[in-house]
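S.K.: Pasting a predicted model and its sequence here:
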Amino acid sequence: MVLCEGFNRANEVSEVRSELVGRRRRPTVRGTFGPSLSSTGASGGFHAVRSPDSTHTAKLKTTRTDRPSIEDRDGRRSGMPTVTPRCCGSLTMDKSVLVTGETGIEIEAPSNVFLIEGEQTVLVDTSFGDVELMAERHPEFACRRDDDQTLRAVLRSEGHAPDDVDAVVLSHLDWDHCYNLDLFDTDRTDVYVQRRELEYAVAPYPMHYHRYDAKALDREPPWLSVDLTPIEGETEICPGVTAFPTPGHTLGHQSVAVETDAGTTVVAVDAVPTFENWEGTADAPFRRGLAMDEIAWWQSAREVRERADEVLPGHEWGIVDAGPERTG
Ligand SMILES: [Zn+2]
(Lines give C-alpha, C1' and ligand atoms only; values in the text may rest on other atoms or scores of the structure.)
Protein backbone atom coordinates (compact mmCIF):
# COMPACT_ATOMS: atom_id res chain seq x y z
CA MET A 1 0.00 0.00 0.00
CA VAL A 2 2.69 2.42 0.99
CA LEU A 3 4.85 1.31 -1.89
CA CYS A 4 1.99 1.86 -4.31
CA GLU A 5 1.42 5.30 -2.91
CA GLY A 6 5.10 6.12 -3.13
CA PHE A 7 5.16 4.95 -6.71
CA ASN A 8 2.20 7.11 -7.66
CA ARG A 9 3.68 10.10 -5.94
CA ALA A 10 7.00 9.57 -7.67
CA ASN A 11 5.17 9.76 -10.97
CA GLU A 12 3.47 12.92 -9.87
CA VAL A 13 6.65 14.63 -8.85
CA SER A 14 8.36 13.76 -12.09
CA GLU A 15 5.55 15.56 -13.88
CA VAL A 16 5.89 18.50 -11.51
CA ARG A 17 9.60 18.46 -12.07
CA SER A 18 9.35 18.56 -15.83
CA GLU A 19 6.86 21.38 -15.58
CA LEU A 20 9.08 23.36 -13.21
CA VAL A 21 12.28 22.71 -15.09
CA GLY A 22 10.70 23.95 -18.28
CA ARG A 23 10.37 27.45 -16.80
CA ARG A 24 13.54 29.42 -17.10
CA ARG A 25 12.67 32.71 -15.51
CA ARG A 26 11.26 33.18 -12.06
CA PRO A 27 8.40 30.77 -12.19
CA THR A 28 6.27 31.54 -9.19
CA VAL A 29 4.60 28.40 -8.03
CA ARG A 30 1.37 28.17 -6.17
CA GLY A 31 1.78 24.85 -4.50
CA THR A 32 -1.73 23.60 -4.08
CA PHE A 33 -2.67 19.99 -3.79
CA GLY A 34 -6.15 18.71 -3.85
CA PRO A 35 -8.01 15.75 -5.22
CA SER A 36 -10.11 18.01 -7.42
CA LEU A 37 -7.12 19.85 -8.79
CA SER A 38 -5.21 16.94 -10.19
CA SER A 39 -4.03 17.28 -13.72
CA THR A 40 -2.49 13.84 -13.68
CA GLY A 41 -5.51 11.72 -12.93
CA ALA A 42 -3.83 10.48 -9.77
CA SER A 43 -5.10 11.53 -6.37
CA GLY A 44 -3.54 14.91 -5.74
CA GLY A 45 -1.49 16.92 -8.16
CA PHE A 46 0.66 19.97 -8.31
CA HIS A 47 -1.50 22.87 -9.29
CA ALA A 48 -1.09 26.00 -11.29
CA VAL A 49 2.34 27.22 -12.18
CA ARG A 50 2.13 30.93 -12.71
CA SER A 51 3.53 32.40 -15.91
CA PRO A 52 7.14 33.48 -15.68
CA ASP A 53 7.97 37.10 -15.11
CA SER A 54 9.65 38.19 -18.30
CA THR A 55 11.45 41.07 -16.62
CA HIS A 56 13.24 38.82 -14.17
CA THR A 57 17.01 38.78 -14.22
CA ALA A 58 19.60 37.34 -11.88
CA LYS A 59 18.67 40.10 -9.47
CA LEU A 60 15.34 39.03 -8.20
CA LYS A 61 13.86 42.35 -7.31
CA THR A 62 14.72 45.96 -7.75
CA THR A 63 15.15 48.07 -4.68
CA ARG A 64 11.99 49.65 -3.41
CA THR A 65 12.47 53.38 -3.60
CA ASP A 66 9.81 54.18 -0.99
CA ARG A 67 11.93 52.76 1.80
CA PRO A 68 14.24 54.98 3.82
CA SER A 69 17.82 53.86 3.89
CA ILE A 70 18.58 51.98 7.07
CA GLU A 71 20.61 52.96 10.06
CA ASP A 72 22.54 50.33 11.92
CA ARG A 73 22.07 49.55 15.57
CA ASP A 74 24.48 52.24 16.72
CA GLY A 75 22.56 54.80 14.73
CA ARG A 76 25.41 55.28 12.30
CA ARG A 77 24.54 55.56 8.66
CA SER A 78 25.55 52.36 7.01
CA GLY A 79 25.17 51.10 3.54
CA MET A 80 25.81 47.54 4.64
CA PRO A 81 23.14 45.05 5.68
CA THR A 82 22.86 43.84 9.26
CA VAL A 83 21.75 40.40 10.47
CA THR A 84 19.81 39.80 13.67
CA PRO A 85 19.22 36.20 14.83
CA ARG A 86 16.09 35.71 16.92
CA CYS A 87 14.64 32.76 18.78
CA CYS A 88 11.07 31.74 17.89
CA GLY A 89 10.76 29.01 20.50
CA SER A 90 12.37 25.67 21.15
CA LEU A 91 11.99 21.98 20.52
CA THR A 92 13.50 18.91 22.11
CA MET A 93 15.35 16.25 20.20
CA ASP A 94 18.06 13.68 20.54
CA LYS A 95 21.33 15.55 20.32
CA SER A 96 22.52 13.26 17.52
CA VAL A 97 20.12 15.07 15.17
CA LEU A 98 22.39 18.09 15.44
CA VAL A 99 25.74 16.43 16.09
CA THR A 100 26.16 12.84 14.96
CA GLY A 101 27.40 10.43 17.59
CA GLU A 102 25.82 12.31 20.48
CA THR A 103 23.09 9.72 20.94
CA GLY A 104 20.92 9.21 23.98
CA ILE A 105 21.10 12.85 25.09
CA GLU A 106 17.83 14.77 24.92
CA ILE A 107 18.39 18.46 24.39
CA GLU A 108 16.22 21.54 24.01
CA ALA A 109 17.25 23.40 20.86
CA PRO A 110 16.16 26.87 19.76
CA SER A 111 14.27 27.49 16.55
CA ASN A 112 16.08 30.50 15.13
CA VAL A 113 15.04 32.95 12.44
CA PHE A 114 17.24 35.68 10.97
CA LEU A 115 16.27 39.25 10.13
CA ILE A 116 18.44 40.92 7.48
CA GLU A 117 18.01 44.68 7.15
CA GLY A 118 19.60 46.24 4.11
CA GLU A 119 18.24 47.72 0.92
CA GLN A 120 15.51 45.21 1.50
CA THR A 121 14.18 43.58 4.64
CA VAL A 122 14.79 39.86 4.33
CA LEU A 123 13.74 37.12 6.75
CA VAL A 124 15.47 33.74 6.70
CA ASP A 125 13.08 31.02 7.91
CA THR A 126 9.77 31.28 9.72
CA SER A 127 10.03 28.61 12.46
CA PHE A 128 7.47 25.97 13.41
CA GLY A 129 3.71 26.44 13.67
CA ASP A 130 1.33 26.97 16.58
CA VAL A 131 2.42 24.82 19.49
CA GLU A 132 -1.01 23.16 19.72
CA LEU A 133 -0.77 21.98 16.12
CA MET A 134 2.84 20.93 16.59
CA ALA A 135 1.79 18.94 19.67
CA GLU A 136 -0.55 16.99 17.36
CA ARG A 137 1.87 16.56 14.49
CA HIS A 138 5.22 16.31 16.27
CA PRO A 139 4.54 15.55 19.94
CA GLU A 140 7.96 13.96 20.48
CA PHE A 141 9.60 17.37 19.90
CA ALA A 142 7.65 19.11 22.71
CA CYS A 143 7.62 22.48 20.97
CA ARG A 144 7.57 25.47 23.29
CA ARG A 145 7.11 29.14 22.47
CA ASP A 146 6.69 32.12 24.77
CA ASP A 147 4.23 34.87 23.82
CA ASP A 148 7.08 37.18 22.84
CA GLN A 149 8.58 34.52 20.58
CA THR A 150 5.88 34.31 17.94
CA LEU A 151 7.15 35.40 14.55
CA ARG A 152 4.82 38.41 14.59
CA ALA A 153 6.05 39.44 18.06
CA VAL A 154 9.67 38.99 17.05
CA LEU A 155 9.21 41.14 13.94
CA ARG A 156 7.34 43.77 15.96
CA SER A 157 10.13 43.94 18.53
CA GLU A 158 12.53 44.63 15.65
CA GLY A 159 10.28 47.43 14.42
CA HIS A 160 8.63 45.58 11.57
CA ALA A 161 5.19 44.47 10.52
CA PRO A 162 4.99 41.39 8.28
CA ASP A 163 4.20 43.66 5.31
CA ASP A 164 7.60 45.33 5.75
CA VAL A 165 9.34 42.10 4.84
CA ASP A 166 10.32 42.18 1.17
CA ALA A 167 11.55 38.61 1.00
CA VAL A 168 11.43 35.42 2.99
CA VAL A 169 14.19 32.94 2.21
CA LEU A 170 13.34 29.43 3.35
CA SER A 171 16.53 27.51 4.07
CA HIS A 172 14.64 24.27 3.52
CA LEU A 173 11.19 22.81 4.08
CA ASP A 174 11.63 20.75 7.26
CA TRP A 175 8.56 21.46 9.37
CA ASP A 176 10.43 23.42 12.04
CA HIS A 177 11.57 26.07 9.53
CA CYS A 178 8.64 27.01 7.32
CA TYR A 179 5.34 27.56 9.16
CA ASN A 180 3.73 30.98 9.79
CA LEU A 181 3.86 31.94 6.13
CA ASP A 182 0.25 33.07 6.34
CA LEU A 183 1.56 36.23 8.03
CA PHE A 184 2.78 37.40 4.65
CA ASP A 185 0.97 38.74 1.61
CA THR A 186 2.91 37.23 -1.26
CA ASP A 187 1.94 40.17 -3.47
CA ARG A 188 4.31 42.16 -1.24
CA THR A 189 6.66 39.51 0.07
CA ASP A 190 8.49 37.02 -2.15
CA VAL A 191 9.06 33.62 -0.60
CA TYR A 192 12.15 31.90 -2.02
CA VAL A 193 13.10 28.26 -1.85
CA GLN A 194 15.59 26.25 -3.85
CA ARG A 195 13.81 24.44 -6.66
CA ARG A 196 15.53 21.19 -5.69
CA GLU A 197 14.08 21.37 -2.19
CA LEU A 198 10.59 22.09 -3.44
CA GLU A 199 10.72 19.28 -5.98
CA TYR A 200 11.58 16.74 -3.33
CA ALA A 201 9.31 18.07 -0.59
CA VAL A 202 6.29 17.89 -2.89
CA ALA A 203 6.50 14.09 -2.81
CA PRO A 204 9.21 12.80 -0.49
CA TYR A 205 9.96 9.16 0.10
CA PRO A 206 8.12 7.66 3.08
CA MET A 207 11.12 7.96 5.43
CA HIS A 208 10.82 11.74 5.11
CA TYR A 209 7.04 12.12 5.33
CA HIS A 210 7.19 13.40 8.90
CA ARG A 211 9.94 15.91 8.24
CA TYR A 212 7.91 17.50 5.50
CA ASP A 213 4.45 17.10 7.05
CA ALA A 214 3.72 15.34 3.79
CA LYS A 215 0.36 15.21 2.10
CA ALA A 216 0.68 11.43 2.31
CA LEU A 217 0.06 11.77 6.07
CA ASP A 218 -3.17 13.68 5.35
CA ARG A 219 -1.47 16.88 6.39
CA GLU A 220 -1.25 20.20 4.66
CA PRO A 221 2.42 21.21 4.46
CA PRO A 222 2.58 24.86 5.56
CA TRP A 223 4.08 26.11 2.31
CA LEU A 224 1.67 24.33 0.01
CA SER A 225 -0.95 27.05 -0.18
CA VAL A 226 1.61 29.84 -0.57
CA ASP A 227 3.01 31.41 -3.74
CA LEU A 228 6.59 30.24 -3.65
CA THR A 229 9.34 31.50 -5.90
CA PRO A 230 11.78 28.70 -6.69
CA ILE A 231 15.37 29.72 -7.27
CA GLU A 232 18.18 27.68 -8.71
CA GLY A 233 21.71 27.88 -7.39
CA GLU A 234 23.41 31.00 -6.08
CA THR A 235 21.03 33.94 -6.29
CA GLU A 236 21.35 37.57 -5.20
CA ILE A 237 18.25 38.50 -3.22
CA CYS A 238 19.28 42.17 -2.94
CA PRO A 239 22.65 43.93 -2.82
CA GLY A 240 24.90 42.19 -0.31
CA VAL A 241 22.44 39.37 0.38
CA THR A 242 23.01 36.15 -1.57
CA ALA A 243 21.34 32.77 -1.21
CA PHE A 244 23.49 29.79 -2.14
CA PRO A 245 22.88 26.04 -2.09
CA THR A 246 24.20 24.08 0.89
CA PRO A 247 22.71 20.63 0.29
CA GLY A 248 23.25 17.72 2.64
CA HIS A 249 20.90 18.17 5.59
CA THR A 250 18.21 18.10 2.90
CA LEU A 251 18.65 17.84 -0.86
CA GLY A 252 17.87 21.48 -1.55
CA HIS A 253 19.00 23.24 1.62
CA GLN A 254 20.32 26.78 1.13
CA SER A 255 22.18 29.31 3.25
CA VAL A 256 22.43 33.09 2.91
CA ALA A 257 25.66 35.11 2.71
CA VAL A 258 25.37 38.70 3.93
CA GLU A 259 28.06 41.33 3.32
CA THR A 260 28.07 43.27 6.57
CA ASP A 261 30.34 45.97 7.97
CA ALA A 262 32.29 43.19 9.69
CA GLY A 263 32.73 40.95 6.66
CA THR A 264 30.69 38.04 5.36
CA THR A 265 28.10 36.61 7.72
CA VAL A 266 26.70 33.29 6.54
CA VAL A 267 23.26 32.42 7.83
CA ALA A 268 24.02 28.70 7.65
CA VAL A 269 20.87 27.38 9.35
CA ASP A 270 21.00 23.56 9.25
CA ALA A 271 24.06 23.38 7.00
CA VAL A 272 25.83 24.02 10.32
CA PRO A 273 23.09 23.72 12.97
CA THR A 274 25.26 24.43 16.05
CA PHE A 275 28.74 25.70 16.86
CA GLU A 276 29.57 22.20 18.07
CA ASN A 277 29.57 21.05 14.44
CA TRP A 278 32.61 23.29 14.03
CA GLU A 279 34.55 21.59 16.83
CA GLY A 280 36.48 19.07 14.83
CA THR A 281 40.08 18.01 14.68
CA ALA A 282 42.76 18.73 12.13
CA ASP A 283 41.93 15.43 10.44
CA ALA A 284 38.16 15.88 10.57
CA PRO A 285 37.35 19.55 10.88
CA PHE A 286 33.61 19.14 11.23
CA ARG A 287 31.18 17.10 13.30
CA ARG A 288 28.37 16.29 10.94
CA GLY A 289 24.72 16.91 11.63
CA LEU A 290 21.71 14.96 10.35
CA ALA A 291 22.09 14.51 6.59
CA MET A 292 20.12 13.08 3.70
CA ASP A 293 23.42 13.21 1.79
CA GLU A 294 26.50 12.93 4.00
CA ILE A 295 29.04 13.87 1.34
CA ALA A 296 27.07 16.92 0.29
CA TRP A 297 26.78 17.92 3.97
CA TRP A 298 30.53 17.86 4.29
CA GLN A 299 31.09 19.85 1.11
CA SER A 300 28.51 22.42 2.16
CA ALA A 301 30.07 22.84 5.62
CA ARG A 302 33.40 23.40 3.92
CA GLU A 303 31.91 26.02 1.61
CA VAL A 304 30.29 27.81 4.54
CA ARG A 305 33.63 27.86 6.35
CA GLU A 306 35.40 29.21 3.28
CA ARG A 307 32.89 31.98 2.68
CA ALA A 308 32.16 33.05 6.23
CA ASP A 309 33.81 35.48 8.60
CA GLU A 310 30.89 34.75 10.92
CA VAL A 311 28.52 31.77 10.91
CA LEU A 312 24.97 31.79 12.25
CA PRO A 313 23.66 28.25 12.94
CA GLY A 314 19.98 27.32 12.88
CA HIS A 315 19.75 25.67 16.32
CA GLU A 316 22.38 27.46 18.40
CA TRP A 317 21.51 29.20 21.67
CA GLY A 318 24.75 31.15 21.64
CA ILE A 319 23.57 33.58 18.98
CA VAL A 320 20.17 34.52 20.42
CA ASP A 321 18.96 36.36 23.49
CA ALA A 322 17.26 33.32 24.98
CA GLY A 323 18.12 30.04 26.62
CA PRO A 324 16.73 26.56 27.27
CA GLU A 325 14.12 26.25 30.01
CA ARG A 326 14.18 22.50 30.31
CA THR A 327 17.08 20.42 31.35
CA GLY A 328 17.77 17.19 29.64
ZN1 LIG B 1 16.12 22.44 11.72
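M.R.: Now that the structure is in, tell me what you want to look at.

S.K.: Contact residues of the protein facing the ion?
M.R.: Those residues of the chain that sit near the ion, judged by Cβ under 5 Å from the ion, are 176, 270. Glycine gets a C-beta too; all of them are placed from N, C-alpha and C.

S.K.: those strands in the chain, which residues are they?
M.R.: 29-30, 82-94, 106-117, 121-124, 167-169, 190-194, 227-231, 235-238, 241-245, 254-260, 263-269, 310-313 (DSSP state E).

S.K.: Look up phi and psi at the closest residue to the ion within the stretch 201-328 of the chain.
M.R.: The nearest approach of the stretch 201-328 of the chain to the ion comes at D270, 4.5 Å away (Cβ to the ion). The phi/psi pair for D270 (degrees, to the nearest 10) reads phi -90, psi 10.

S.K.: what bridges to the nearest residue to G104 once chain neighbours are set aside?
M.R.: Nearest residue to G104, sequence neighbours excluded (Cβ to Cβ, 6 or more residues apart in numbering): D94, at 7.1 Å. For D94, the beta-bridge partners are E106 (DSSP bridges).

S.K.: what's around D94, how many residues?
M.R.: When neighbours are defined as other Cβ atoms under 10 Å, D94 has 15 of them.

S.K.: Can you pull out the residues in contact with stretch 139-150?
M.R.: Outside of stretch 139-150, the residues within contact range by Cβ atoms under 8 Å, 6 or more residues apart in numbering are 87-93, 108, 111, 128, 131, 134-135, 153-154, 157, 176, 180, 322, 325-326.

S.K.: so where is the stretch 201-328 of the chain shaky, pLDDT-wise?
M.R.: Counting by pLDDT under 70, the stretch 201-328 of the chain shows low-confidence ranges at 326-328.

S.K.: Recalculate using a threshold of 90.
M.R.: Along the stretch 201-328 of the chain, segments meeting pLDDT under 90 span 278-285, 321, 325-328.

S.K.: Show the contacting residues for D125.
M.R.: Neighbours of D125 in contact, by Cβ under 8 Å, 6+ apart: 112-114, 168-171, 177-178, 269, 314.

S.K.: Adding neighbour count, write those residues out as a markdown table.
M.R.: What follows is these, written out as a markdown table (neighbours: other Cβ atoms under 10 Å):
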| residue | neighbour count |
| --- | --- |
| N112 | 27 |
| V113 | 28 |
| F114 | 24 |
| V168 | 26 |
| V169 | 27 |
| L170 | 28 |
| S171 | 29 |
| H177 | 25 |
| C178 | 28 |
| V269 | 29 |
| G314 | 32 |
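
S.K.: need these in CSV with distance to D187, can you?
M.R.: Output for the contacts of D125, formatted as CSV (distance: Cβ to Cβ, whole Å):
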residue, distance to D187
N112, 27
V113, 22
F114, 23
V168, 13
V169, 18
L170, 18
S171, 23
H177, 23
C178, 19
V269, 26
G314, 28
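
S.K.: Name the nearest residue to G118, ignoring sequence neighbours.
M.R.: Spatial nearest neighbour of G118, excluding adjacent residues (Cβ to Cβ, 6+ apart): P81 at 3.0 Å.

S.K.: ok, that neighbour to the ion distance?
M.R.: Using Cβ to the ion, to the nearest Å, P81 is found at 23 Å from the ion.

S.K.: got TSV for the strands of the chain, with distance to A284 too?
M.R.: Below are the strands of the chain laid out as TSV (distance: least, Cβ to Cβ, whole Å):
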stretch	distance to A284
strand 29-30	39
strand 82-94	21
strand 106-117	22
strand 121-124	28
strand 167-169	30
strand 190-194	27
strand 227-231	32
strand 235-238	31
strand 241-245	23
strand 254-260	21
strand 263-269	18
strand 310-313	18
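
S.K.: these two touch, right, F286 and W298?
M.R.: Yes: applying Cβ atoms under 8 Å, one finds F286 in contact with W298, separated by 6.6 Å.

S.K.: contacting residues for D185?
M.R.: By Cβ under 8 Å, 6+ apart, D185 lies in contact with 162-163.

S.K.: Tell me the confidence at it?
M.R.: Looking at D185, its pLDDT is 97.

S.K.: And T40, by the same measure?
M.R.: Looking at T40, its pLDDT reads 30.

S.K.: can you tell me how far Q120 sits from Q149?
M.R.: Distance, Q120 to Q149, using Cβ to Cβ, to the nearest Å: 24 Å.
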